[in-house]
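Asker: Structure, please.
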Amino acid sequence: MVRKNHSKRSSPKSEKIAETPQMSPQTRKELTAILCVFLAIVIVLAYAGLAGAVGRVIDSALAGLFGINKYLVPAVILGIGGHVAMPEKFGFRWPTRLGVALFILSWGAFLNVAMFPSRDGLLT
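Answerer: The predicted structure follows:
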């Protein structure tokens with residue numbers, strides 16, 4: 001009786017183990033920046049009433065979340081996209097980030113006082 005050699009040789013099929021494709025960090029940054037620009041455009045179209053039913057939902061959701069500050073959301077998203085795409089050009093240190101956050105938070109209060117002075121009782 002002849003014994004067959006059943007040594008474990010790797011066949012070409014078993015050598016090709018399914019690996020998940022990895023994206024390079026630069027590609028991931030660029031896709032994030034493109035997504036931010038796309039999202040900002042959709043939000044601006046929603047404000048203009050040109051984005052259909054989805055635009056009405058986006059507009060009402062942002063109005064509920066941010067109030068009058070909803071008009072700053074596209075600018076903030078574009079800023080985030082620019083920072084992600086080119087951090088060396090648009091590098092923000094912590095004091096700058098804090099200043100932008102405080103500006104955004106105070107902008108709504110300023111607009112409220114400027115637009116509705118008789119309701120607040122502060123400006124008559």
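Asker: Going by C-alpha atoms from here, please, whenever you check contacts or count neighbours.
Answerer: Will do.
Asker: Run through the helices of this protein in chain order.
Answerer: 12-15, 25-48, 52-66, 73-85, 94-115, 117-120 (DSSP state H).
Asker: Mean neighbour count added to the ones you listed, as CSV?
Answerer: Output for the helices of the chain, formatted as CSV (neighbours: other Cα atoms under 10 Å):
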stretch, mean neighbour count
helix 12-15, 8
helix 25-48, 17
helix 52-66, 15
helix 73-85, 18
helix 94-115, 12
helix 117-120, 12
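Asker: Turn those into TSV, including mean pLDDT.
Answerer: Converted to TSV, the helices of the chain look like this (pLDDT from 0 to 100):
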stretch	mean pLDDT
helix 12-15	56
helix 25-48	95
helix 52-66	93
helix 73-85	90
helix 94-115	83
helix 117-120	62
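Asker: got the contact list for stretch 35-47?
Answerer: 51-52, 54-56, 58-59, 73-75, 77-78, 80-81 (Cα atoms under 8 Å, 6 or more residues apart in numbering).
Asker: and those, which two are the farthest apart?
Answerer: In the contacts of stretch 35-47, two members sit farther apart than any others by Cα to Cα. They are Gly52 and Ile80, at 25.8 Å.
Asker: and Asn69, what does it touch?
Answerer: With Cα under 8 Å, 6+ apart, Asn69 has these contacts: Ala63, Ile104, Trp107, Gly108.
Asker: Quick check: Gly91 touching Val84?
Answerer: No - contact between Gly91 and Val84 fails when scored by Cα atoms under 8 Å: they sit 9.1 Å apart.
Asker: ok, so what distance separates Gly79 from Val37?
Answerer: From Gly79 across to Val37, the span is 9 Å (Cα to Cα, to the nearest Å).
Asker: what's Thr20 sitting at in phi/psi?
Answerer: phi -80, psi 130 (degrees, to the nearest 10).
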